[in-house]
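Student: build me a structure from this.
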Amino acid sequence: MSSRAWLQGKTVRKGGVNGSSAGTRSGTPQVQSTSSTIFGGGVKDASGRTTEFFSMDDQCPVCKSDRYLNPKLRLLVSSCYHKMCESCIDRLFTLGPAPCPICNTVLRKLAFTPQTFEDLGVEKEVAVRRRLAKDFNKRREDFDDLKTYNDYLEEVEDIAFNFIHNINVPETEKRVAAYKAANAALITLNTQREEQYALALKEQEEFERQEREARAAEAARLEVEEREEKEKERREIIDKLETSEKDATKLIAKSRANALKRSSHRLSSMNSFGGGDLSRLLKTRSKANTAIQDVPHVPLQDNWDCYESQISVRVDGYDDFFSEAVRKDREGIMRGGGYRVEEAWGRALRFAVAGLDLMPMTGQEPINLPVPPGGDGDIIMAS
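Tutor: Modelled structure (predicted):
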């Protein structure tokens, strides 16, 4: 008996256990997929296929089966976002709805979907946002101003956050139901707009594909014609050189000039091929311009005083020791980021007069600051 015979394992199939060889080790069974259910869902790529995520460290949390014992192990995600293998799903949910063995949420067999992302939190967020996008499909042009549109987006994010983190789910469901009832007509209209836009993109892609194929066929035909014309020209040149008494150099130059004209004509016809059809297709799908006007941003909408009437920066500057290096920088290296000394002086003056229009505080004893020796020197801070 071979020393590696026990690695063959024991295969358990639906409907019973098949016989195995005498050298098979029964202690390490290899359970194949027994599910006959086609599980849908998951995130699809551009081709419409669902790419499932799997790892060599996958293990079913219910039966503890891992990929080492079962290389064909397939884990599916429930509506409560817990993973289970196909065998456990068949065993627990074939007879009807049953509680989840992990969180006791009532589940159905067809509610399981393939896992697309490694993190189940991302899987849940994608599913929640896909669900909300079907109903919360308003556009910017559906609102009178930008603030209302931003409030709408904020509401959508609050609802998505509640669903993702299971916060006040019943109340959030009521909010979604109330929104759907109040905006049913607009939701249907925007859904039709998105379908029409997707159909237009599909038509354009199909037209571009057909145009590429037609261009390739035209290029192949022109290439064949060019080879035939070159061969024909070569034979004509040989015949003329044999029968004509003219200069051979002039005959060859004339033939090459004619060949150059024909090649330029072919290139121009190839470049103009299909251009008119594309322009006509774009004109038939042109609609009213719904572009949003770009209004300049105004940071402060209210009236505010920046003390411009109380200050004025001297044109000849100040005796400022700290900005001396910047003012003497002739190459402009220190002013490369847009720094201007005049702005620093203006800011210092505004800070100096910022509190002059405020009434002094009452009910406190005046603070007598010590006068430095020597009369009017620099002001010192009170300790």
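
Student: point out where the stretch 1-150 of the chain drops to low pLDDT.
Tutor: 1-50 (pLDDT under 70).

Student: quick one: the strands in it, in order.
Tutor: 10-13, 16-17, 29-31, 75-77, 83-85, 98-99, 106-107, 113-114 (DSSP state E, counting those that start in this stretch).

Student: partners of the fifth one in the sheet?
Tutor: Meaning strand 83-85. Take DSSP bridges as the rule and strand 83-85 pairs in its sheet with strand 75-77 (antiparallel).

Student: got a list of contacts for the strand it pairs with?
Tutor: Here strand 75-77 makes contact (C-beta atoms under 8 Å, 6 or more residues apart in numbering) with 39, 54, 58, 60, 83-86, 89, 112-115, 120, 123. All C-beta spots, glycine's among them, are computed from the backbone N, C-alpha and C.

Student: so how do I select the buried members of the residues you listed in PyMOL?
Tutor: Restricted to buried positions by 16 or more other C-beta atoms under 10 Å, the PyMOL selection for these reads:
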select buried, resi 39+58+60+83+84+85+86+89+112+113+114+115+123
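
Student: out of the contacts of strand 75-77, who's nearest R209?
Tutor: Nearest to R209 among the contacts of strand 75-77: P114, at 30.2 Å, using C-beta to C-beta.

Student: for E206, see how far away the closest one is.
Tutor: 30 Å (C-beta to C-beta, to the nearest Å).

Student: equivalent analysis for A160, please.
Tutor: A160 is 35 Å from E206, by C-beta to C-beta.

Student: now swap in V298 and tell me
Tutor: 46 Å.

Student: residue boundaries of the helices in this structure?
Tutor: Assigned by DSSP state H, the chain shows helices spanning 86-93, 120-135, 146-164, 169-182, 184-243, 248-271, 275-284, 324-327, 341-353.

Student: between the fifth one and helix 248-271, how many degrees?
Tutor: Compare the direction of helix 184-243 with that of helix 248-271 by axes from the mean of the first three to the mean of the last three C-alpha atoms, to 10 degrees and you get 170 degrees.

Student: and helix 184-243, average pLDDT?
Tutor: For helix 184-243, mean pLDDT rounds to 85.

Student: how far does stretch 333-347 sit from the chain's center?
Tutor: Taking C-alpha atoms, centre = their mean, to the nearest Å, one finds stretch 333-347 lying 39 Å from the centre of the chain it belongs to.

Student: how long is that stretch end to end?
Tutor: Criterion C-alpha to C-alpha, to the nearest Å; first-to-last residue distance in stretch 333-347 is 22 Å.

Student: so for A160 and E206, which sits in the more crowded spot?
Tutor: A160 (18 against 10; other C-beta atoms under 10 Å).

Student: give the contact list for that one.
Tutor: E125, V128, R129, L132.

Student: not counting sequence-adjacent ones, nearest residue to the first one?
Tutor: This points to E125. I164 (5.3 Å; C-beta to C-beta, 6 or more residues apart in numbering).

Student: low-confidence stretches in the stretch 251-383 of the chain?
Tutor: For the stretch 251-383 of the chain, the ranges with pLDDT under 70 are 266-295, 299-304, 360-383.

Student: kindly recompute the last result at 80.
Tutor: 251-310, 327-339, 355-383 (pLDDT under 80).

Student: coming back round to it: pick the most buried one from the helices of the chain.
Tutor: helix 86-93 (a mean of 20; mean count of other C-beta atoms under 10 Å).

Student: can I get the CA coordinates of it in CSV?
Tutor: Presented in CSV, the C-alpha positions along helix 86-93 are these (Å, rounded to 0.1, in the frame of the first residue of the first chain):
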residue,chain,number,x,y,z
GLU,A,86,-23.4,25.5,0.9
SER,A,87,-23.8,22.3,2.9
CYS,A,88,-24.9,24.1,6.0
ILE,A,89,-27.3,26.2,4.0
ASP,A,90,-28.9,23.1,2.5
ARG,A,91,-29.0,21.4,5.9
LEU,A,92,-30.6,24.3,7.8
PHE,A,93,-32.8,26.1,5.3
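
Student: and that helix, how far from the chain's centre?
Tutor: 36 Å.

Student: likewise for stretch 183-192?
Tutor: Centroid separation for stretch 183-192 versus its chain: 24 Å, with C-alpha atoms, centre = their mean.

Student: which outside residues touch it?
Tutor: Contacts for stretch 183-192 (C-beta under 8 Å, 6+ apart): K134, D135, N137, K138, R139, D142, K180.

Student: hang on, isn't A248 packed against E242?
Tutor: No. With contacts counted by C-beta atoms under 8 Å, A248 stays clear of E242, the gap being 10.6 Å.
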